[in-house]
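Asker: Just to be clear, the model below is a prediction. Sequence and coordinates:
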Amino acid sequence: MTNPTLDALGAIGATDHDAAWAVVREAELVLPAVVDDPKDPASGNFLTIPNGKQQFIVAFTALDRVGGFVTRTKAHLRLTGAELAAAAPEGYGIVLDPGHKDGRVFLPEVYKA
C-alpha cells in the first residue's frame, strides 16, 4: 500500500519543518485517541506522550503505522493536519509516526504559524 503523505515527506529535508508541515496540514492523519464517542473528537482526548516538559500529540500518516500505540487506546480519529492543529491544546507539539525512523516532530510555532 502506498502512503502519499510519507512519500511527499521523504522528499523534504528533515530540518525543513515549514515545508513538511505544508504537506501534513493537508493530509489525513490517524490519531490514537481516548474518546467517549468516536464520531465526536471533542468527547475525549488525544493520546499524548511527554518529552521533558513538552507534551506531544501522537499522530500517524496511516493506520498500519500505529503499531504498539493501538494497545493504549480503543479508538482512532481521522483528522487533517489543519484540523489537528486547530484542536491541539495550547503549547502541545505533534509527533508524527513515532517509533519510525522517518518520524517528524512539529512544535507549536511551526503548525500555528
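Answerer: Sure thing, it's come through. Numbering: from 1, shown residues only.
Asker: so what's residue 96 bridging to?
Answerer: Using DSSP bridges, the bridge partners assigned to residue 96 are residue 59, residue 104.
Asker: what's next to the worst-scoring helix or strand of the chain on mean pLDDT, contact-wise?
Answerer: Every helix and strand in the chain was compared by mean pLDDT, DSSP states H and E; the lowest is strand 44-46, with a mean of 78. For strand 44-46, the surrounding residues in contact (C-beta atoms under 8 Å, 6 or more residues apart in numbering) are 31-37, 57-58, 75, 77, 87-88. Just so you know, the C-beta spots here come from the backbone N, C-alpha and C atoms, and that holds for glycine as well.
Asker: do the same with stretch 104-113
Answerer: Applying C-beta under 8 Å, 6+ apart, the set of residues contacting stretch 104-113 from outside is 9, 14, 17-18, 20-21, 24-25, 54, 56, 81, 85, 88, 90-97.
Asker: which parts of the longest helix belonging to the chain are buried?
Answerer: Among the elements of the chain assigned as helix by DSSP state H, the one spanning the most residues is helix 17-26. Within helix 17-26, the residues that qualify as buried are 17, 20, 21, 23, 24, 25, counting by 16 or more other C-beta atoms under 10 Å.
Asker: I'm done for today, thanks for sticking with me.
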